[in-house]
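**Q** Structure of the sequence below:
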Amino acid sequence: MVKKYRPYILFFYAASVCALIAGALVDLKLDIWLNDPNDAFSVWLQNTGEMPSRLICPFAGTVLFYTCEKKWQKAAGFLIAICGSAYFGYYVGKYFFVEQHRMAFSILWGVGFGLFVLLFASKIRLSKDTAAALRTLAVAGIVVMAVQLCAIEGMKYLWGRVRFRDLLAAGSYDAFTPWYQINGINGNKSFPSGHTAGAAMSYLFMLLPYASEKWRKRYVLLFAGPFVYTSAVAFTRLVVGAHYLSDVAMGGIVGFTTVLIAMAVLEKNGQRWHLLPAV
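**A** Numbering: from 1, shown residues only. As a prediction, this is how the structure comes out:
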């Protein structure tokens, strides 16, 4: 599938490199021009943009629970599903009209969501080969998410770049630094964009053709959908003043690259891991 996706991969990296080059020249000016922290669409994606990353554990854990054979593996899948769902509930808890005990309510709601997913999945019947392939993809999704999070957080602390909205709060642009300047650990974490990297976890849909023939005909959609979604999240991060163009470009690169690495590993070990052969 990597070969099949090659034109889209080249397009993605060409666009991202252009964004990094442009960012080195116009990062600050672009944010000044676009800034509108009250834009409703941008605020919405600020609150929900990382949803693809937050949903990986609930769904991957559910897949592991139903497709693994050993009891300890099933138990691990169940814990991943429920704990991931509890965190997902905490993530969306800001939307609940509950003033007191909001955190506890949000976590309980998340656990309920996880149980619903587990019950719903019990009605789905899969062939042995498809179940084995989905099990592999579930593990891959969890690993990709973990690697992406570690990479993004590590770079954030290392770069120590001041966010645009913090410049506005300070009433001066003097603390602005270009993306290629590493400032060290100082409490600022603008570069790269975690929201964009989290949204880029939607590129994991590109792995579906390894588990099902029907998705092979839709491989363009499996790239285009995540690209549009991630680009929308990236753009709104500029609008609300949370990031610069170079921040979101690098966030997208980190997220997309971790998925590509997973694709390469899966293709190399596809037969052993019960995946459909690469095309």
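**Q** quick one: low-confidence ranges for the protein?
**A** Per-residue confidence of the chain (counting by pLDDT under 70) places the weak regions at 98, 278-279.
**Q** for Phe113, what are its contacts?
**A** The neighbourhood of Phe113, defined by Cβ atoms under 8 Å, 6 or more residues apart in numbering, consists of Pro58, Ser85, Phe88, Gly89. No exception for glycine: its C-beta is placed from N, CA and C like everyone else's.
**Q** one more time with 7 Å
**A** Residues near Phe113 by Cβ atoms under 7 Å, 6 or more residues apart in numbering: Ser85, Phe88, Gly89.
**Q** In three-state terms, label the last one for me.
**A** This means Gly89. For Gly89, the secondary-structure state derived from DSSP: H, G, I helix; E, B strand; the rest coil is helix.
**Q** in terms of contact, does it touch Trp109 like I think?
**A** Yes. Because the distance of 4.5 Å satisfies Cβ atoms under 7 Å, Gly89 is recorded as touching Trp109.
**Q** Columns neighbour count on top of the contacts of Phe113, output as JSON lines?
**A** Formatted as JSON lines, the contacts of Phe113 follow (neighbours: other Cβ atoms under 10 Å):
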{"residue": "Ser85", "neighbour count": "28"}
{"residue": "Phe88", "neighbour count": "25"}
{"residue": "Gly89", "neighbour count": "23"}
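**Q** And those, which is closest to Trp33?
**A** Phe88 (35.0 Å; Cβ to Cβ).
**Q** was I right about that closest one contacting Val111?
**A** No. Using Cβ under 7 Å, Phe88 is not in contact with Val111, being 9.6 Å away.
**Q** Within the helices and strands, which one has Gly184?
**A** For Gly184, there is no host helix or strand (DSSP states H and E).
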